[in-house]
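>>> any chance you could fold what I've pasted below:
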Amino acid sequence: MSDLDEIRQRRMAELQAQQAAAQNQAQQQAMAQAQQQEAQAQFEAQKKQILGQIMTPEARQRLSNLKLTKPEMVNQIELQLIQSAQAGSLRGKVTDDQLKVLLRQIAGQKREIKITRK
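Next up is the predicted model:
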């Protein structure tokens, strides 16, 4: 009986160690995810602040409306505007008309697929 009890105790200790390691790993993953979310939120706040400085309210409104339907396109435009502002190539604030021109340029870059039925 003592051999069986000893085996059971060793096995129980192994299982407890595995469980503790799994819990530790889960905690580390949760912390990493929280840090990543915090960094993403901070990036979005900085992006919003910069765009507020370089765009007129009408242009910002147009961009936020467009973000509902084409978020990847808006992200591309936002990054392009921020890079232009940081490079110093923007003069004054981006107006709604300038944004429309930029939107047409980017929309024109995409291929249009037309399907005709006979």
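>>> can you give me phi and psi for Val94?
phi -80, psi 120 (degrees, to the nearest 10).
>>> how about the contacts made by the closest residue to it other than its chain neighbours?
Of all residues not flanking Val94 in the chain, Met55 sits nearest, at 4.7 Å (Cβ to Cβ, 6 or more residues apart in numbering). Quick note: C-beta positions are derived from backbone N, CA and C, even for glycine. Contact analysis of Met55 by Cβ atoms under 8 Å, 6 or more residues apart in numbering lists Leu63, Leu81, Lys93, Val94, Leu99.
>>> could I get stretch 7-14 in PDB with only the CA atoms?
Only the C-alpha atoms of stretch 7-14 are listed here, as PDB (Å, rounded to 0.1, in the frame of the first residue of the first chain):
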ATOM      1  CA  ILE A   7       2.900   6.800  -6.600                       C
ATOM      2  CA  ARG A   8      -0.400   8.600  -6.100                       C
ATOM      3  CA  GLN A   9       1.300  11.500  -4.200                       C
ATOM      4  CA  ARG A  10       3.900  11.900  -6.900                       C
ATOM      5  CA  ARG A  11       1.200  11.900  -9.600                       C
ATOM      6  CA  MET A  12      -0.800  14.400  -7.600                       C
ATOM      7  CA  ALA A  13       2.200  16.700  -7.300                       C
ATOM      8  CA  GLU A  14       2.900  16.400 -11.000                       C
END
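>>> neighbours around Arg66, how many?
If you look again at residue 66, you'll see it is Leu, not Arg. Neighbour count of Leu66, defined by other Cβ atoms under 10 Å: 15.
>>> which residue is the nearest non-sequential neighbour of it?
Spatial nearest neighbour of Leu66, excluding adjacent residues (Cβ to Cβ, 6+ apart): Val74 at 5.5 Å.
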